[in-house]
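Peer 1: Need a 3D model of the sequence below.
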Amino acid sequence: MVREAKRGFLDRFHIAAGTAAWVCCMILLALCGCSDDDSGSPSVAPEELSGVEIVSPGENVGIAEGQSILFQGSTGDGMGPFTFLWDFGDGAGTSTEQNPGYVTFPRRGTYTVTYVVEDADGATGSDTVIVTVRAQGTREWLLVSAGVNHSLAIKPDGSLWAWGFNFFGQLGDGTWTNRTKPVRVGSDTDWVAVSAGNGFSLGLKADGTLWSWGSNDWGELGDGSFGDRCTPAQAGTDDDWSIVHASEGFCVALKEDGTLWSWGKNNVGQLGIAQSGGGANTYQRNPVRVGTDHDWAMVSPGASHCAALKKNGTLWTWGYDRYGQLGNGTGFPRFYPAQVGTDTDWITVNAGGDHTLAIKSDLSLWTWGFNEDGQLGDATVIQKNSPQRLAGTGGWVAVCATYKSSIGLKADGTLWSWGYNYYGQAGTGTFADSLVPVQVGSDTDWSMASSLYNHVIALKTDGSTWCWGANNQGQVGNGTNANMNAPLRIRF
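Peer 2: Just a heads-up that it's a prediction; the model follows:
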């Protein structure tokens, strides 16, 4: 989850500046042996809060211009509730969350990142880390998204590109013709986010508007219409969308105010709107708000279930649960979001075909759900109905749960995969399944990976795009229809 740091907590600085005169007066009184306290009791300064540290990154770090870093902090040994302040330096803003997530540094320079914690008794502690941002060459791609059998990507200039299967018009290029190489979608240069689903696509523009195209059997285009469409069209008039995800005939999204929305197919409650007046199993052709909460931080749709995190670090799931993918131990579907356990240290989650992956603030990886092909990575093929920590591994910063396989990115820039590998989607040079994570090559400069079904698109820190896996519809983008079992750079 890449995002800009929030610019909260500044009012606290303004208040401090506004009371400077009063503080100076109190200092003079103290030097004179005077006090406004008739009891004469000496004032006691709050103790220093120990144990406060920046957990990620754990040391000074160097990155390329425009790259993002995962930031997480500890609370120290004080008594809650706590308040937090991250100051990322000029251009990167501030945050008042303990774990701000990914922060992007927009330009080169040396940044002193400061993390301050204050407990209920006024005790404070802090830690710092130095981030050196170096100049970077021209980035080829900014964002990528892999659907069931088509692919989407955005260039740094804001242009949108697509390739692969196009029977439903999901490429958005005004045709119904498959493409084995990337083609440009229209002429607009204000695309900022994109998501490829099963036969349809979603995109966000810089003005916060939502756009959709492709298959519309279940209302997944979100504009109240019927019928497929082969060019992007705006869905509704709202201009405050911040995150959108397309999946198997349904969609989930977040708005800037932290509210959660969904639309499309709803046969097993995957929209989560049973408490919103939308019906437990009724499909929706327009976005419907999920509940009344406005503190959602991220959401991820699987094939027929969803997983989401709130800003307080809690984990929530809903939808189909035949294989334990909701993680609540019941095996029964749920038609609205319900919390999984009581932990408050989840930092990212990703829902797949019938399994789910998540990471905690200590960078440990947790997996649960269907496991017939080893997609849980625990060296077994046994289904798990609740989150289980993947033993012997750590340092995870991002995960991607696909149809029957999994992908993970570590803090050192290495990429790992496990599970189903019939089409070479593991990227390890073989077509054999793996019950445990296996490193994809030896490169240490991976920055993200996307996969919904059986092919993968990944980016490196230089913005180069690499694809592999199933290619029967040209979704790998190399001009052929041959499956690839190792990363192949897409150039044009």
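Peer 1: which ones are touching residue 74?
Peer 2: 51-53, 55 (C-beta atoms under 8 Å, 6 or more residues apart in numbering). From N, CA and C alone the C-beta is placed, and that goes for glycine too.
Peer 1: from the residues you listed, which ones fall inside strands?
Peer 2: residue 55 (DSSP state E).
Peer 1: what about burial for the contacts of residue 74, which qualify?
Peer 2: For the contacts of residue 74, a burial check counting by 16 or more other C-beta atoms under 10 Å picks out 52-53, 55.
Peer 1: next structured bit after the helix or strand hosting residue 399?
Peer 2: Per DSSP states H and E, residue 399 falls inside strand 396-401. Under the assignment DSSP H and E, the closest C-terminal helix or strand after strand 396-401 is strand 405-410.
Peer 1: That following strand packs against which elements?
Peer 2: On a contact count with 3 or more C-beta pairs under 8 Å, 6 or more residues apart in numbering; DSSP states H and E, strand 405-410 meets strand 355-360, strand 396-401, strand 415-419, strand 446-450.
Peer 1: rewinding a little: which two in the contacts of residue 74 are spaced the farthest apart?
Peer 2: The most widely separated members of the contacts of residue 74 are 51 and 55, with 11.1 Å between them, by C-beta to C-beta.
Peer 1: hang on, the earlier thing: list the neighbouring strands of the strand holding residue 399 plus their orientation.
Peer 2: strand 405-410 (antiparallel) (DSSP bridges).
Peer 1: which residues sit against the partner strand?
Peer 2: Contacts of strand 405-410 (C-beta under 8 Å, 6+ apart): 352, 355, 357, 365, 367, 373, 375-377, 395-400, 415-421, 425-426, 437, 446-449, 451, 456.
Peer 1: leaving aside the residues next to it on the chain, what's closest to residue 208?
Peer 2: Among residues not flanking residue 208 along the chain, residue 239 sits closest, at 4.1 Å (C-beta to C-beta, 6 or more residues apart in numbering).
Peer 1: hang on, isn't residue 225 packed against residue 213?
Peer 2: No. In this structure, residue 225 is not within contact of residue 213 by C-beta atoms under 8 Å, at 11.2 Å.
Peer 1: Which one's more surrounded, those two?
Peer 2: Between residue 225 and residue 213, counted using other C-beta atoms under 10 Å, the more crowded position is residue 213 (26 against 15).
Peer 1: before we move on, which element is the more buried one in?
Peer 2: strand 210-214.
Peer 1: Show me what that strand packs onto, helices and strands only.
Peer 2: Using 3+ C-beta pairs under 8 Å, 6+ apart: strand 210-214 touches strand 200-205, strand 229-234.
Peer 1: want to try CSV for those, with mean pLDDT and mean neighbour count as columns?
Peer 2: Listed next are these as CSV, based on pLDDT from 0 to 100; neighbours: other C-beta atoms under 10 Å:
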stretch, mean pLDDT, mean neighbour count
strand 200-205, 98, 26
strand 229-234, 98, 17
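Peer 1: Include distance to residue 431 when you put the ones you listed into TSV, please.
Peer 2: TSV is the format used below for the helices and strands packed on strand 210-214 (distance: least, C-beta to C-beta, whole Å):
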stretch	distance to residue 431
strand 200-205	29
strand 229-234	34
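Peer 1: Can you name the residues that contact residue 424?
Peer 2: Residue 424 neighbours (C-beta under 8 Å, 6+ apart): 430-431, 468-470, 483-486.
Peer 1: Let me know the secondary structure of it.
Peer 2: coil (DSSP: H, G, I helix; E, B strand; the rest coil).
Peer 1: tell me the pLDDT at it?
Peer 2: Looking at residue 424, its pLDDT is 98.
Peer 1: Is the nearest residue to it once chain neighbours are set aside in a helix, a strand, or coil?
Peer 2: Nearest-residue entry for residue 424: residue 485, 2.8 Å, with adjacent residues in sequence omitted and distances by C-beta to C-beta, 6+ apart. Put simply, residue 485 is strand when judged by three-state DSSP.
Peer 1: Ok, residue 120 next?
Peer 2: Per three-state DSSP, residue 120 ends up coil.
Peer 1: could I get the helices and strands packed on strand 405-410 as CSV with distance to residue 244, mean neighbour count and mean pLDDT?
Peer 2: Listed next are these as CSV, based on distance: least, C-beta to C-beta, whole Å; neighbours: other C-beta atoms under 10 Å; pLDDT from 0 to 100:
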stretch, distance to residue 244, mean neighbour count, mean pLDDT
strand 355-360, 20, 28, 97
strand 396-401, 17, 24, 96
strand 415-419, 25, 26, 98
strand 446-450, 14, 22, 95
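Peer 1: where does stretch 50-69 sit relative to the chain's centre, distance-wise?
Peer 2: Relative to its chain's centre, stretch 50-69 lies at 18 Å (C-alpha atoms, centre = their mean, to the nearest Å).
Peer 1: could I get that stretch in PDB with only the CA atoms?
Peer 2: Extracted in PDB, the C-alpha atoms of stretch 50-69 (Å, rounded to 0.1, in the frame of the first residue of the first chain):
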ATOM      1  CA  SER A  50      12.300   4.200  26.500                       C
ATOM      2  CA  GLY A  51      12.100   1.500  23.800                       C
ATOM      3  CA  VAL A  52      10.800   3.900  21.100                       C
ATOM      4  CA  GLU A  53      12.400   3.000  17.800                       C
ATOM      5  CA  ILE A  54      11.800   3.000  14.000                       C
ATOM      6  CA  VAL A  55      11.300  -0.700  13.300                       C
ATOM      7  CA  SER A  56      11.200  -0.200   9.500                       C
ATOM      8  CA  PRO A  57      13.600   0.800   8.000                       C
ATOM      9  CA  GLY A  58      15.800  -0.400  10.900                       C
ATOM     10  CA  GLU A  59      18.800   1.600   9.700                       C
ATOM     11  CA  ASN A  60      19.800   4.500   7.400                       C
ATOM     12  CA  VAL A  61      18.800   3.800   3.900                       C
ATOM     13  CA  GLY A  62      19.400   5.000   0.400                       C
ATOM     14  CA  ILE A  63      16.700   4.900  -2.300                       C
ATOM     15  CA  ALA A  64      16.000   6.200  -5.800                       C
ATOM     16  CA  GLU A  65      14.000   9.400  -6.500                       C
ATOM     17  CA  GLY A  66      10.300   8.700  -6.400                       C
ATOM     18  CA  GLN A  67      10.700   5.300  -4.600                       C
ATOM     19  CA  SER A  68       8.700   4.400  -1.500                       C
ATOM     20  CA  ILE A  69       9.800   3.000   1.800                       C
END
